[in-house]
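Engineer: sequence first, predicted model second:
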Amino acid sequence: MSEFQAILLEGLFYTSDSPYPDAKGEVRAGFNDLMVRRDTGSPVSVYDTLLPLVGERIQFSTHHLPSMPPDINRWGGGSCFWEDVGHCPFGHHETPGRLFNIAGEGILSYDLNHATGSGGWWLDKFDGTRTMLPLSWALVGHRGRVAAATTLSVEQMRESLLSSGRGGDIEALGAKITDLRDLMEQLSKTMGGD
């Protein structure tokens, strides 16, 4: 059973094409990594942050993060930093009010193209479809957010609570739910329901 994991990256996204040491201390030369500079000023690798979630069942969300309040006179509500250049890879120069937003649940995967040194994030959904997560294309040069959390089945949550010594709480809650259901059924019969 996997344990619960959650990540939140928020800030200005950019690419780093200079070699830098990854989380294991290895230098990945020629690797174009998506980075985020958080409000604290410290840069963080999106790859290194998401990598522990590969193969995990997750709830995922990513989107542009406009200024607050959104500035309707700026590209992406103020989330786009390409406006002064005059061309945005996401297309804000053509549709300035459009915002990037993807959310879903599935298994996170990453495919690396060794020839180009670039890779792509995917969400393999349970209906058999595969959704590309175009993080570099949509987020570079934008203020945005990436959030992900592993999802646990009800049985995994129950096992986790039981192993933490709080199993009695679950059993007591189950008894209360049963009592409430019985009470609702009696009330329904009294009121003339089925």
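Structural biologist: Here it is on my side, so go on.
Engineer: which parts of the protein are strands?
Structural biologist: Using DSSP state E, the strands of the chain run over 6-16, 33-37, 43-45, 57-64, 101-113, 118-124, 130-133, 143-150.
Engineer: can you flag the weakest of those by average pLDDT?
Structural biologist: The minimum mean pLDDT among these belongs to strand 118-124 (a mean of 80).
Engineer: what does it contact?
Structural biologist: Contact partners of strand 118-124, identified using Cβ atoms under 8 Å, 6 or more residues apart in numbering, comprise 32, 47, 50, 58, 60, 104-113, 130-136. Using the backbone N, CA and C atoms, a C-beta is placed for each residue, glycine as well.
Engineer: mind redoing it with 7 Å?
Structural biologist: Residues outside strand 118-124 that contact it (Cβ atoms under 7 Å, 6 or more residues apart in numbering) are 32, 50, 60, 104, 106-113, 130-133, 135.
Engineer: that strand pairs with which strands, parallel or anti?
Structural biologist: strand 101-113 (antiparallel), strand 130-133 (antiparallel) (DSSP bridges).
Engineer: how about a markdown table for these, with distance to Leu12 and mean neighbour count added?
Structural biologist: Shown next, in a markdown table, are these (distance: least, Cβ to Cβ, whole Å; neighbours: other Cβ atoms under 10 Å):
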| stretch | distance to Leu12 | mean neighbour count |
| --- | --- | --- |
| strand 101-113 | 18 | 14 |
| strand 130-133 | 19 | 15 |
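Engineer: cool, thanks, talk later.
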